[in-house]
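sequence unknown, structure follows:
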């Protein structure tokens with residue numbers, strides 16, 4: 001692997017950078033190898049990414065092959081400082097999550113004390129016969145939604161500790177609260193994106209049934225969902241700031257598909 005004339009200016013810039021930041025003088029061949037490594041690192045997959053810690057480990061493995069022993073010792077001497085700066089950045093970023101955490105805490109209390117009891121009352125008359133007539137299919141979907149919640153929580157925890165380790169406790173609390181909200185008020189559209197074909201077939205069947213009663217169902221839920229929209233707007237303004245434009249909270253379901261949350265509603269079945 002050798003440098004070409006096309007890379008001359010990039011190689012010179014890279015040599016200057018490593019001299020200034022790490023006091024390491026790369027020869028042309030080393031600089032070219034580092035250039036190829038950096039290009040490979042920042043291209044390729046749009047789906048899989050290293051955490052900051054993983055990228056540092058990957059850097060270490062590659063630079064140990066490229067640098068001389070003396071250069072590599074200098075390179076690694078910078079590692080404690082890098083780690084400290086990363087930790088400080090994560091801690092500072094975590095503090096910025098505090099308003100969202102306060103809003104999520106208040107929202108969860110609203111869900112538990114106001115929204116869920118009111119939804120049960122709204123649905124008691126108009127939706128009771130639907131539940132009884134399609135109990136087997138509804139129970140199946142609830143069980144699948146419970147599995148989805150378990151997977152979603154585990155994925156969230158894995159991603160949190162992979163990227164933030166123990167430096168972002170506020171963010172962790174926020175993520176757990178948002179998960180609890182999905183337990184109380186099912187997120188059908190997020191669940192739908194993960195469904196296998198048999199589950200989607202059952203969901204589509206129930207959706208077609210739901211469409212037939214969507215208008216009276218919307219009417220039954222209208223006051224409660226309007227109150228939820230008002231609460232969301234006030235809660236967001238109180239803790240985060242007033243949201244405008246496309247950020248504005250939707251106050252009520254606009255489609256039958258958005259109404260599918262009523263099929264999964266079962267606060268006792270899903271645990272946070």
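Looks like it came in fine. Bear in mind that the values here come from a model prediction, so they are computed numbers and not experimental data. Numbering: from 1, shown residues only.

any stretches of this protein with poor pLDDT?
Across the chain, the ranges flagged by pLDDT under 70 are 1-6, 243-254, 272.

do a quick rundown of the strands in it.
Counting by DSSP state E, the chain has no strands to list.

which residue sits closest to residue 122 in space, ignoring its chain neighbours?
residue 220 (4.9 Å; CB to CB, 6 or more residues apart in numbering). Where C-beta positions appear, they are placed from N, C-alpha and C, glycine not excepted.

which ones are touching the one you found?
The neighbours of residue 220, taking CB atoms under 8 Å, 6 or more residues apart in numbering as the test, are 122-123, 125-127.

pull out the buried residues from those residues.
Among these, those buried by neighbour count (16 or more other CB atoms under 10 Å) are 122-123, 127.

those residues in helices, which ones?
Per DSSP state H, helices hold the following members of the buried ones among the contacts of residue 220: 122-123.

could I get the buried ones among the contacts of residue 220 as JSON lines with distance to residue 233?
What follows is these, written out as JSON lines (distance: CB to CB, whole Å):
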{"residue": "122", "distance to residue 233": "21"}
{"residue": "123", "distance to residue 233": "24"}
{"residue": "127", "distance to residue 233": "27"}
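
of the buried ones among the contacts of residue 220, just say which sits nearest to residue 182.
residue 123 (18.6 Å; CB to CB).

who's in contact with that closest one?
Contacts of residue 123 by CB under 8 Å, 6+ apart are 220-221, 262, 265.

check residue 199 too.
140-141, 144.

most neighbours, which of those residues?
Highest neighbour count within the contacts of residue 199: residue 141, with 22 neighbours (other CB atoms under 10 Å).

that residue reaches residue 264, doesn't it?
Yes: when contacts are counted by CB atoms under 8 Å, residue 141 is listed as touching residue 264 (6.4 Å).

from the contacts of residue 220, pick the one nearest residue 227.
Of the contacts of residue 220, the one sitting nearest to residue 227 (CB to CB) turns out to be residue 122, at 11.0 Å.

return the distance of that closest one relative to residue 242.
29 Å (CB to CB, to the nearest Å).
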